[in-house]
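In: Curious how this folds, go ahead:
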Amino acid sequence: MPEILENMLGELLVGNKIITKIQLDQALEAQQLNKDQPIGQILCQMGFLQSKDLEHALDYNNKRRKLGEILVSMKLINEAVLRSALKLSRDENIMLGAALIRQRLIGEEQLARAIAVQHDLKFVSLSDMQFCSGLSGFVNSTFAQRLHIVPIMHSGNRLTFAMAHPIQRDELAQLESWCKMSIVTVIATESDIVLAQHKIFKISGATDQAKLNLELTEDLERAVVKPKSKYVSDIIGADVDYLTKLIITTGIKDGASDIHFESNGNGMAIRYRLDGILQTIGLGANDALIGSKARQIVSKIKILCDMDIAERRRPQDSSFKMKVTKDGKVRNVDFRVSTVPTQFGENVVIRILDKQSSVITLEMLGYRPEDAATLYRALDKPTGIFLVTGPTGSGKSSTLYALLSHVNTPGAKTLTVEDPIEYSIDGITQTEVNELVGNTFARMLRTFLRQDPDNIMVGEIRDLETATISMRAALTGHTVFSTLHTNDATSAVPRLIDMGIEPSLLSATLRGVLAQRLVRRICTACKVPHRPAEKTLEEFGIPSESEMEFFHGAGCPACHYTGFSGRLPIVELWIPTRDELLMLNHRPDNISLRNVVFSDVGRLTMIDDGFRFVQSGETTLDELLRTVPYEQIEAGRERIAARAVANALVSKKPLFQLNPLAIIGSLIPANGTPVPA
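Out: Numbering: from 1, shown residues only. Prediction:
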């Protein structure tokens, strides 16, 4: 059949005097060497025919076959499947190829090959192709991404472009005008084109994402479906399954901690929490479809979690698990799901708990080497309690895992009780809170004390009972790690005393407190010098005439145009001295305690540590305003202003040309107290 069509096309072109019979015979002879290449493409390559003339001839004479007919003739689908896909295409206003892929009836490459046959173009695979330098100079990257095209080969006066679908004639004419070359078009898969764009236009940070090759190895349709509602048959269709899988895999690929399904008047919006901030990631043409399938998607998630899908008036909580293949490695990922009814429908939040098994260190989390060394030295004492404080989402659990990895030696036994288990660590016995069966933090702690542990980790101290057992475990020779919700390091003391802990017990067991926040790191792909607003400089007491250098991210595809990529911990570490522990017996308030603890110039507060990252160009002043308690900014203005002056001096001149006394003098505020550099 294709051969007959080829001859018909050749005769048509000859009959319309677009080519000669001799030219057709030469093209047919050349086709014998490459039978997979369409005759129209060969005529174009031999210079006998222009691509636009070929397109015009096919369309004008109505000789272009329909995509569905081609797929049936290639035996990729049958007539019944084609009718079903055409119905979905009409109902959802999407292309036939997208409908077939969504239903997982054909693959991306099969679709691309069929499109190549339909348009008499050559199909090429770009995955292993090596691209010559200079291709990025022929076309603007934004234009290429908008049209889903990419230049792949340059030879003489001919430039080859790969595309997922043939572009319009006026766009092709515009492309030829820009490039001042003859354009040859070929068909490739959408994913290959995206990856080639990343390579050729050097889109920073995006190539790794394009290569991610992430898949859920346990497909969503494997979830057990219990017939709790008559609507079940309507909600587990292939399109709903595809959309649910797309939303979840996008969150895992982009490193989101949470996925928010937010019902609204237009259906549903999907937002991802990246680097602590909720962001919208475009899902292309699927965005509109997600809005129209909002209720079915929520029900699909409920089925995965074995929730009651008929119950839409009350909040529900549950979870499900998946195996994820990433970079050839398979690991378990837990998803914690919470639903809440709203005026437009149900909202869903999925917390992604990627249970990595690799060892976590403080250096991996972004701690400076000197800060990590100080923390590790603090763990050398054999007993006591070590607390990590901060609000939800400040990285407390990750820090605890790093500390546990440090004390996890072959000669020690470590037990943890968590809610939930976020990382799996070899050599450590980890248990999870389950209040339904009575396994609370306090009950598990009592059990742990009969298991002869050396180290105990309590996910969070929430009540007096848990706090008391933890303190007594620390008093009887165990090392205890836990978290607490407080604004800063010293606030842990009045918080525990308010719970009902005796000051004498606290002073006998407290080994150290680490308070931390996470600030977003400036994207290295779009980092540029920047001058903060005058109001921002005033907040930190920095003179407007200061010559200190500041940076920010201008925004690029690698950071989703936010200017930030990744996060850094800013910390304040309090290792109590003997005199400070004695002071706890007098039940000090937080202000009095901070005045004593941080009068030592060797101790840095969170704002001091954060400003070090601003000085090194890794974050911004606005990020500090967003994350650090404002009272610390007020208290630290003089020290920050002095550091800004010193930083400007150092950056302006080589160190050997500076007067050391001048720098030291600039670090002494009006009260005469030196400021740590």
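
In: all strands for the stretch 51-200 of the chain, in order.
Out: In the stretch 51-200 of the chain, the segments counted as strands under DSSP state E, counting those that start in this stretch are 149-155, 158-163, 182-187.

In: Dump those to a markdown table, plus mean pLDDT and mean neighbour count.
Out: In short, each C-beta sits where N, CA and C put it, glycine included. As requested, these are exported to a markdown table (pLDDT from 0 to 100; neighbours: other Cβ atoms under 10 Å):
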| stretch | mean pLDDT | mean neighbour count |
| --- | --- | --- |
| strand 149-155 | 88 | 21 |
| strand 158-163 | 90 | 22 |
| strand 182-187 | 88 | 20 |
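
In: now for those strands, which one comes closest to residue 81?
Out: strand 182-187 (22.3 Å; Cβ to Cβ).

In: Give me the distance from that closest one to the chain's centre.
Out: 35 Å (Cα atoms, centre = their mean, to the nearest Å).

In: That one vs strand 158-163, what angle?
Out: Put simply, strand 182-187 runs at 30 degrees to strand 158-163, going by axes from the mean of the first three to the mean of the last three Cα atoms, to 10 degrees.

In: Can you point out the buried residues in stretch 334-351?
Out: 334-339, 345-351 (16 or more other Cβ atoms under 10 Å).

In: and it, how far out from the chain's middle?
Out: With Cα atoms, centre = their mean as the basis, stretch 334-351 stands 20 Å off its chain's centre.

In: follow-up on the earlier one: would you mind giving the strands of the stretch 51-200 of the chain as a markdown table with distance to residue 292 added?
Out: Compiled in a markdown table, those are given as follows (distance: least, Cβ to Cβ, whole Å):
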| stretch | distance to residue 292 |
| --- | --- |
| strand 149-155 | 29 |
| strand 158-163 | 29 |
| strand 182-187 | 30 |
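
In: Select, out of the ones you listed, the one closest to residue 202.
Out: strand 149-155 (12.8 Å).

In: What strands line up against that closest one, and which way round?
Out: strand 158-163 (antiparallel) (DSSP bridges).

In: follow-up on the earlier one: so which of the strands of the stretch 51-200 of the chain comes closest to residue 643?
Out: Nearest of the strands of the stretch 51-200 of the chain (Cβ to Cβ): strand 149-155, 47.7 Å.

In: Which residues does that closest one contact?
Out: The contact list for strand 149-155 (Cβ atoms under 8 Å, 6 or more residues apart in numbering) reads 124, 126, 129, 131-132, 134-136, 138-139, 144, 159-163, 167, 175, 186, 193, 196-197, 200.

In: change it to 7 Å
Out: 126, 129, 131-132, 135, 138-139, 144, 159-163, 167, 193, 196-197, 200 (Cβ atoms under 7 Å, 6 or more residues apart in numbering).

In: How about stretch 608-618?
Out: Contacts of stretch 608-618 (Cβ under 7 Å, 6+ apart): 519, 521-522, 551, 568, 570-572, 619-621, 624, 628, 636, 639-640, 643, 647.

In: what's the distance between stretch 532-549 and the middle of its chain?
Out: Counting by Cα atoms, centre = their mean, stretch 532-549 is centred 32 Å from the centre of its parent chain.

In: Any idea how far apart the tips of that stretch sit?
Out: Stretch 532-549 has an end-to-end distance of 10 Å (Cα to Cα, to the nearest Å).

In: same deal with stretch 379-393?
Out: For stretch 379-393, the end-to-end distance is 24 Å (Cα to Cα).

In: quick one: buried residues of it?
Out: In stretch 379-393, the ones that count as buried by 16+ other Cβ under 10 Å are 379, 384-390.

In: Could you pull up the mean pLDDT of that stretch?
Out: The pLDDT scores in stretch 379-393 average 87.

In: any idea how far residue 120 lies from residue 43?
Out: 9 Å (Cβ to Cβ, to the nearest Å).

In: Any regions of the stretch 201-350 of the chain where pLDDT drops low?
Out: 203-238, 284-285, 325-329 (pLDDT under 70).

In: one step back: now intersect the buried residues of stretch 334-351 with the strands, please.
Out: When DSSP state E is applied, the buried residues of stretch 334-351 are split such that 334-339, 345-351 fall in strands.

In: Can you pick out the most distant pair from these?
Out: 334 and 345, at 25.5 Å, using Cβ to Cβ across these.

In: circling back to that earlier point, could you tell me which of the contacts of strand 149-155 count as buried?
Out: Looks like the contacts of strand 149-155 have 126, 131, 135, 138-139, 144, 159-163, 167, 193, 196-197, 200 buried, using 16+ other Cβ under 10 Å.

In: surely residue 365 meets residue 402?
Out: Yes. Between residue 365 and residue 402 there is a contact at 5.9 Å, judged by Cβ atoms under 7 Å.

In: Name the residue in these two with the higher neighbour count.
Out: residue 402 (22 against 18; other Cβ atoms under 10 Å).

In: for that one, phi and psi?
Out: phi -70, psi -40 (degrees, to the nearest 10).

In: Pull the number of nearby residues for residue 43.
Out: Residue 43: 28 neighbours (other Cβ under 10 Å).

In: again with residue 418
Out: Neighbour tally, residue 418, other Cβ under 10 Å: 20.

In: Okay, helices next: where are they in the stretch 151-300 of the chain?
Out: Per DSSP state H, counting those that start in this stretch, the stretch 151-300 of the chain carries helices over the ranges 169-179, 190-200, 206-210, 232-235, 238-253, 286-292, 294-305.

In: Columns distance to residue 112 on top of the ones you listed, output as a markdown table?
Out: As requested, the helices of the stretch 151-300 of the chain are exported to a markdown table (distance: least, Cβ to Cβ, whole Å):
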| stretch | distance to residue 112 |
| --- | --- |
| helix 169-179 | 19 |
| helix 190-200 | 8 |
| helix 206-210 | 17 |
| helix 232-235 | 31 |
| helix 238-253 | 19 |
| helix 286-292 | 19 |
| helix 294-305 | 28 |
